[in-house]
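*Asks:* Predicted structure and sequence below. I'll ask about it afterward.
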Amino acid sequence: MAIYELTDPGDLVAPVLIAAMDGWVDAGTAATLAAGQLAADGAQVATFDPDALFDYRARRPTLEIVDGELAELTWPELSIRHARVDGRDLLVLRGAEPDFRWHAFSGAVLELTERLGVEAWISLGAIPAAVPHTRPVPIMGTASRAGLLRGDVRPGPAGILRVPSAAISVLEMEMARTSIPAVGYFAQTPHYTSGPYPAAAVELLRAVGRHLELDPPLGDLPEEARQLRARLDIAAAADETTRSYVERLEAMVDEERLPSGDDLITEIERFLRDQGGPGSQRG
């Protein structure tokens, strides 16, 4: 049985599918924030069956209780919305990363790309890294073939890097096996911050804008990033140890000392421990 329902989106012209899901590759919720901004006013095109994809004991629905009365349940969702930005048709896959049936899920997404005539794929993600909040957010890139990435994008570290996979990476690899050009843009967020990191979401949106040659809607994210930067500056200034650590990170960035694969793995493992393990960061 199909694990998705498709609504006719009408005529689409060379649509691009942009994907972001929660989980460990959404540090600071940067990727899902960026995707949500793109699809904010978009019409829903496809929805995935939550009963087939989610473990409700690990990802429990949120219950709202009003004046002692059970009022509303909010279930985890995963859907595709259609938005038009600067005349471009964008399909935005966003939501909770599936707990189950990754093979079936990737097959369903591949089927949807064929039915919707998708001509390009962009993954969005964010990973924790030893970077300071006082410098521009670095963006790392992946691509199904050389020459697809655009802008000031860092390549991944040299050599072999083994990390826990994310469903979005499974999807990107599926696209790479087809004729659909696929890229991934991944923001690096300061590992010492917690909660949403809007500055990374802004840079991901700008990466999408450069890639597609359009002006993405940023909404309130730049102002939210400015306010968070101010709070982090105050916190760092108030503690000598934190201030010294941030200064060391700044020196690394200024000297263009890229993190090694081992350094990235260390930061990812630390992030996963803080979150309680792979897949436990929930949106």
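*Replies:* Received the coordinates, thanks.

*Asks:* State the mean pLDDT of stretch 34-50.
*Replies:* Regarding stretch 34-50, the rounded mean pLDDT is 94.

*Asks:* List the buried residues for it?
*Replies:* Burial within stretch 34-50, assessed by neighbour count using 16 or more other Cβ atoms under 10 Å, is assigned to 34-39, 42, 45-48, 50. The C-beta positions use only the backbone N, C-alpha and C, and glycine is treated the same way.

*Asks:* same deal with stretch 218-230?
*Replies:* 218-219, 221, 224-225, 228.

*Asks:* quick check, nearest of those residues to P9?
*Replies:* G219 (23.1 Å; Cβ to Cβ).

*Asks:* any idea what sits nearest the closest one, other than its immediate chain neighbours?
*Replies:* Q37 (5.2 Å; Cβ to Cβ, 6 or more residues apart in numbering).

*Asks:* all strands for the stretch 1-150 of the chain, in order.
*Replies:* 4-6, 16-21, 43-48, 62-66, 69-74, 78-85, 88-95, 120-129, 139-143 (DSSP state E, counting those that start in this stretch).

*Asks:* count of neighbours near S244?
*Replies:* 10 (other Cβ atoms under 10 Å).

*Asks:* Wait, a helix at it?
*Replies:* Yes: counting by DSSP: H, G, I helix; E, B strand; the rest coil, S244 is found in a helix.

*Asks:* could you measure it against P190, distance?
*Replies:* The gap separating S244 from P190 is 15 Å, by Cβ to Cβ, to the nearest Å.

*Asks:* is it true that A237 touches S244?
*Replies:* No: checked against Cβ atoms under 8 Å, the pair A237 and S244 is beyond contact range at 11.6 Å.

*Asks:* what's the longest helix seen in the chain in contact with?
*Replies:* In terms of residue count, the longest helix belonging to the chain (DSSP state H) is helix 221-238. The contact list for helix 221-238, computed with Cβ atoms under 8 Å, 6 or more residues apart in numbering, reads 33, 37, 133-134, 193, 196-199, 201-202, 205, 242-243, 246.

*Asks:* Report the buried members of the residues you listed.
*Replies:* The buried subset of the contacts of helix 221-238 (16+ other Cβ under 10 Å) comprises 33, 37, 133, 193, 196-199, 201-202, 205, 246.

*Asks:* Restricting to C-alpha, output stretch 26-44 in PDB.
*Replies:* Taking Å, rounded to 0.1, in the frame of the first residue of the first chain, the C-alpha atoms of stretch 26-44 are listed here in PDB:
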ATOM      1  CA  ASP A  26      19.300  19.400  11.900                       C
ATOM      2  CA  ALA A  27      21.400  21.000  14.600                       C
ATOM      3  CA  GLY A  28      19.900  24.200  15.900                       C
ATOM      4  CA  THR A  29      16.800  23.200  13.800                       C
ATOM      5  CA  ALA A  30      18.500  25.300  11.100                       C
ATOM      6  CA  ALA A  31      17.500  23.100   8.100                       C
ATOM      7  CA  THR A  32      13.800  22.700   9.100                       C
ATOM      8  CA  LEU A  33      13.600  26.500   9.900                       C
ATOM      9  CA  ALA A  34      14.900  27.300   6.500                       C
ATOM     10  CA  ALA A  35      12.600  24.900   4.700                       C
ATOM     11  CA  GLY A  36       9.700  26.100   6.800                       C
ATOM     12  CA  GLN A  37      10.400  29.700   5.700                       C
ATOM     13  CA  LEU A  38      10.400  28.600   2.000                       C
ATOM     14  CA  ALA A  39       7.200  26.700   2.300                       C
ATOM     15  CA  ALA A  40       5.400  29.000   4.800                       C
ATOM     16  CA  ASP A  41       2.600  29.900   2.400                       C
ATOM     17  CA  GLY A  42       2.800  26.900   0.200                       C
ATOM     18  CA  ALA A  43      -0.100  24.500  -0.600                       C
ATOM     19  CA  GLN A  44       0.200  20.900   0.500                       C
END
